[in-house]
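1. fold the following.
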Amino acid sequence: MTAFDETATMRKVYGRLMPLLFAMMFINYLDRINIGFAALDMNKQLGFSPAVFGFAGSIFFVGYMLLEVPSNLLLHRVGARIWIARILLTWGAVAAATAFVFNDVSFYVLRFLLGVMEAGFLPGIAVYLTKWFPVRYRARAVGGYIVAGSFSAVLGGPISTALMTYANGILGLAGWQWMFILEGVPAMLLGLVTLRIMTERPADANWLSSEEKNWLESTLAAERETLGGNRHFPLLRVAGDIRVWSLACLFGCALVGIYGLFLWLPQIVKSFGELSNIEVGFLSAAPPLLGVLGTFLISRSSDRSGDRKKHLAFVYGMSALAIAGSAYAPNPVIAYVLLCVTGLFIYSGNPLFWSLASSFRTGAAGAATIALINTIAQFGGLVGPWSIGLVRNATGNFKLALLTIAAFLVVATIIALVMRVTPAEDEDTPLATGGAAPRG
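-> The predicted structure is shown next:
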């Protein structure tokens, strides 16, 4: 197949798969972060302290971590179409049910269940992409749906606060209750759409020609063979891979910032002055909007150079500097601008992380590897929201909490610089991290 035909084929695959995956990721992230906007009214109405809210934000990740590896292994066994549809249907139902929390225990239970139902979604999508995109196209493919999280954060503020404002009182429900319902139902609808239109693998695609199917299947099969995709890898062997632990610890430190900051971002912005909920929603949109720009630029630069490690170190290092600067800013305007700069960089590491995580192995071993990395990394989700809530409770402000996030991002930067991403010499499973095996 000519280079022109190859490019046209991958453009067709991208155009077919990305809209659905983008929509999934958009709703997924919206249902994760919308409690940050609900808290503007919900916390006062239900009497939730910062510590209660922070713990509820963190307990999501307990359920997520418990089911992550089993969920991803089941996806590999039953197929992405069925399993991802199941995830969408069940998480949408729990997200909508959050409208009816009435005390701290019910809040904890539903956030825990949301994590259980959502477990395996993000790494499952990463595994799904290995069935469609050769490694030289994968970072941009991952970036194409990961960036939906940034768009969700951009639009989530205006959407969520508008629902809270204009639906308030309808049928006797508060605005934050309508927000949970109206943002949970789309996930269930997407589950039904997924069952109908998602294509499991290139060989099943009636929208590709025979030549396109054959080229794509043979290219991916050759890569699987190089990565040992047909060999059996016990979970203990996967767990013994130092690359798994390095990448998991790196991303876990980054998640302290990603989840800690952006679950609390509406309340941080609210603390800058006397602002309405809708004003908070629009101001909260700027950091992730800049993150969209950063994701495209950094992903393209990483694909061109073949480097992942230095790019990861750069984005997390810059994030640490910006958020620490925000903590010491002399006035709210400068503090807000530095939070925007943080958003520019902190989101940009996500596609780089998933490109590395999905490049270690393929098949069942690849599913286990990605799930294990993501499971370990979720300690960042446990630490971030809860620690900010505790610090906020103790100090009455966000300064020390922002400095704590900066410290974790510094650790992520150091790990990115020193970690090994190539296999050990005695390991018979070579690593391909993009293109023609870029340098780690």
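2. only C-alpha atoms for contact and neighbour calcs from this point on.
-> Noted.
3. roughly how far apart are residue 253 and residue 48?
-> 27 Å (CA to CA, to the nearest Å).
4. compare these two (neighbour count), which wins?
-> A direct count of neighbours by other CA atoms under 10 Å for residue 253 and residue 48 places residue 253 higher, at 29 against 16.
5. doesn't residue 380 make contact with the more buried one?
-> Yes: with contact defined as CA atoms under 8 Å, residue 253 reaches residue 380; the gap is 5.6 Å.
6. can you pull out the helices in the stretch 151-300 of the chain?
-> 175-197, 210-226, 235-239, 242-270, 277-283, 286-305 (DSSP state H, counting those that start in this stretch).
7. deepest of those, which one?
-> helix 242-270 (a mean of 24; mean count of other CA atoms under 10 Å).
8. ok, residue 52 - contacts?
-> Residue 52 makes contact with 104, 389, according to CA atoms under 8 Å, 6 or more residues apart in numbering.
9. which SSE is it in?
-> helix 50-78 (DSSP states H and E).
10. lowest confidence element among the helices and strands of the chain?
-> helix 235-239 (a mean of 68; mean pLDDT, DSSP states H and E).
11. the helix holding residue 52 versus helix 242-270: what angle between them?
-> Between helix 50-78 and helix 242-270, the angle comes out at 140 degrees (axes from the mean of the first three to the mean of the last three CA atoms, to 10 degrees).
12. for helix 50-78, buried residues please.
-> 50-65, 67-76 (16 or more other CA atoms under 10 Å).
13. just checking, which helix or strand succeeds that helix along the chain?
-> Next element after helix 50-78 (DSSP H and E): helix 80-97.
14. hmm, who's touching that next one?
-> 24, 31, 74-75, 110, 113-114, 117-119, 121, 124-125, 128, 180-192, 194-195, 198-200.
15. can you get me a residue count around residue 206?
-> 10.
16. that one and residue 130, how far apart?
-> 19 Å.
17. and what of residue 404?
-> For residue 404, the distance to residue 130 - CA to CA - is 36 Å.
18. and for residue 340?
-> 33 Å.
19. one more: residue 5?
-> Residue 5 is 20 Å from residue 130, by CA to CA.
20. and the two? Which one has more around it.
-> Taking other CA under 10 Å, residue 5 and residue 130 do not tie; residue 130 has more neighbours (22 against 12).
21. can you tell me how far that one is from residue 270?
-> 42 Å.
22. please apply the same query to residue 399.
-> For residue 399, the distance to residue 270 - CA to CA - is 14 Å.
23. repeat that for residue 384.
-> 19 Å.
24. for residue 168, same thing?
-> For residue 168, the distance to residue 270 - CA to CA - is 20 Å.
25. repeat that for residue 210.
-> From residue 210 to residue 270 the distance is 56 Å (CA to CA).
26. please apply the same query to residue 208.
-> 50 Å.
27. what stretches of the stretch 201-350 of the chain score poorly on pLDDT?
-> 227-237 (pLDDT under 70).
28. excluding its backbone neighbours, what's nearest residue 202?
-> Once flanking residues are discounted, residue 202 sits nearest to residue 213: 5.6 Å by CA to CA, 6 or more residues apart in numbering.
29. ok, residue 23 next?
-> residue 148 (7.4 Å).
30. list the helices and strands the helix or strand containing that neighbour packs on?
-> Assessed by DSSP H and E, residue 148 sits inside helix 135-166. Other helices and strands packing on helix 135-166, by 3 or more CA pairs under 8 Å, 6 or more residues apart in numbering; DSSP states H and E, are helix 3-46, helix 121-130, helix 175-197, helix 277-283, helix 286-305, helix 349-357.
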